[in-house]
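Asker: Build the 3D model from these lines:
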Amino acid sequence: MNEFASKIEALELRWMRAWVNGDKAEMKTLATRDFISLFAGTSPTILDRASWLDVAPRRLRCESFRIGDGYVRRHGPFAVFAAPIDLKVTLDGMRLFSQAFVTDLWRRSKVRRRWQIVERVLAPADANAELPAAVRSLQLWR
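Answerer: Model prediction:
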């Protein structure tokens, strides 16, 4: 594995650990202002940064995770990370999914020259018909 791939994979671990630990400050540091999390499926649903930071530490919980073999590719100031992931995610105690495929887009900022996550696409491996409505209920802009 090259040095760049190792750097992005380390950022992925920081992001996931922040979610598991409910570390809102760390997630805020790692996410761009225009960050979105897209929950893929038959009815894709997004959470913007404000919604994500509001619910991830409290209601949308990731209790554990294990990232499989990942793919990292750099595109100038952007990087793509994709990997299968085993995780235990619940919304208000209701199990949402346990296996998924994650694709993250990272961007290197021009001023501070640090990498931040711009977009996360989480595609559950096991279909849950209740997922779109559950995620929509978390959106702050409604």
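Asker: Could you point out the bridge partners of the residue positioned nearest the centre of the chain in the sheet?
Answerer: By Cα atoms, centre = their mean, the chain has its centre lying nearest to Arg120, at 4.6 Å. Beta bridges link Arg120 to Ser37, Asp104 when assigned by DSSP bridges.
Asker: what are the ranges of the helices in the chain?
Answerer: Under the criterion DSSP state H, the chain contains helices at 3-21, 24-30, 49-55, 131-136.
Asker: Mind listing residues that contact the first one?
Answerer: So that's helix 3-21. 1, 23-24, 26-27, 30, 56, 62-65, 67, 70, 72, 74, 79, 81, 83, 87, 104, 106, 115, 117 (Cβ atoms under 8 Å, 6 or more residues apart in numbering). Bear in mind the C-beta positions are built from the backbone N, C-alpha and C, glycine included.
Asker: residues of it that come out buried?
Answerer: Buried residues in helix 3-21, counted by 16 or more other Cβ atoms under 10 Å: 5, 8-9, 11-12, 14-16, 18-19.
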